[in-house]
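1. everything below, folded, please.
(one chain, ligands or ions: 1)
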Amino acid sequence: MAEHPFVTLNFSHFDEADMIDRAASFYIEMKSRRTVRDFSDKPVPKQIIEHCLLTAGTSVSGANMQPWQFVVVGDAEIKRQIRVAAEQEEVSFYADKAPEEWLQALAPLGTDANKPFLEKAPWLIAVFQQRFGTLPDGTKVKHYYAPESVGIATGVLITALHHAGLACLTHTPSPMGFMNRILHRPKTERPFLLLVVGYPQEGAEVPDINKKSLDQIATFI
Ligand code: IYR
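-> This is a model prediction of the structure:
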């Protein structure tokens, strides 16, 4: 057996007409995703979250190092601690740290330092980026393209959650060092973001904002 074995690729081919339909209907499905800030406290089965995390784990990563760690919080007391710590950072962000230009950019979203969803939503998923990995023999290995890899995996996770029928919010309190402390993660893991996951509150409202057109986001040459 070769030292680094290869296996035959398992790839699904479709008719071109089917591919066009699949691409267009997936666009329609994803176009309905909105960032939600008003969550219901309705429980979400853990099994759904587990499958969405497995999907995130299929993501591409530098040298297949898979430099991510997802800490899923359903415990009310830990959620409370996260809310307290996040709101503390947010108060100083909105009152002192954020430049006027940033506050103006956020104005259409209607955000402020108050983050009740961190306690109300059934699940918080804290995403960590691992700077280093450890081989089975204990050797430390560098993770290549870790921020890119974790960003891609988080995008896949958000897509999987939406596909499963859940809403989420990408929350990025800054700085996020408290996540290591509260969730007992080592210093070698850098908090990447906090995903708030659940169902929207009945009658939830979202800002009336649009996505850029294809012409604005892509150029064919
Ligand atoms: N982290 C803050 C501010 C914030 C920043 C960006 I960029 C957003 O898109 C939304 C909010 C907060 O969560 O309120």
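
2. what does the chain put close to the ligand?
-> On the criterion Cβ under 6 Å from any ligand atom, the ligand has as its neighbours in the chain the residues 90, 93, 106, 109, 111, 171-174. C-beta coordinates here come from the backbone N, C-alpha and C atoms, glycine included.

3. in strands only, show me those residues.
-> Secondary structure assignment (DSSP state E) places His171 from the residues of the chain next to the ligand within strands.

4. now do the contacts for Phe132.
-> Each residue near Phe132 by Cβ atoms under 8 Å, 6 or more residues apart in numbering is listed here: 140-143, 188.

5. going by neighbour count, which of those residues comes out on top?
-> In terms of neighbour count, His143 stands highest of the contacts of Phe132 at 21 neighbours, by other Cβ atoms under 10 Å.

6. what is the burial count for the closest residue to that one other than its chain neighbours?
-> Taking Cβ to Cβ, 6 or more residues apart in numbering as the measure, His143 lies nearest to Pro67, with 3.8 Å between them; neighbours along the chain are not counted. Applying other Cβ under 10 Å, we find 28 other residues in the vicinity of Pro67.

7. quick check, pLDDT for Pro67.
-> Predicted confidence (pLDDT) at Pro67: the value is 98.

8. and if you look at Cys52?
-> The predicted structure lists Cys52 with a pLDDT of 99.

9. surely it is in contact with Ala160?
-> Yes - under the criterion of Cβ atoms under 8 Å, Cys52 lies in contact with Ala160, with a separation of 4.0 Å.

10. longest helix in this structure, please.
-> Secondary structure assigned by DSSP state H gives helix 146-164 as the longest helix of the chain.

11. hmm, who's touching that helix?
-> Outside of helix 146-164, the residues within contact range by Cβ under 8 Å, 6+ apart are 29-30, 32-33, 48, 51-53, 55-62, 65-68, 70, 125, 127-131, 143, 167-168, 170, 192-193, 195, 197.

12. what do you get for stretch 193-203?
-> Around stretch 193-203, the neighbours that count as contacts under Cβ under 8 Å, 6+ apart are 36, 38-42, 44, 49, 82, 86, 117-118, 120-127, 154, 157-158, 161, 166-173, 176, 179.
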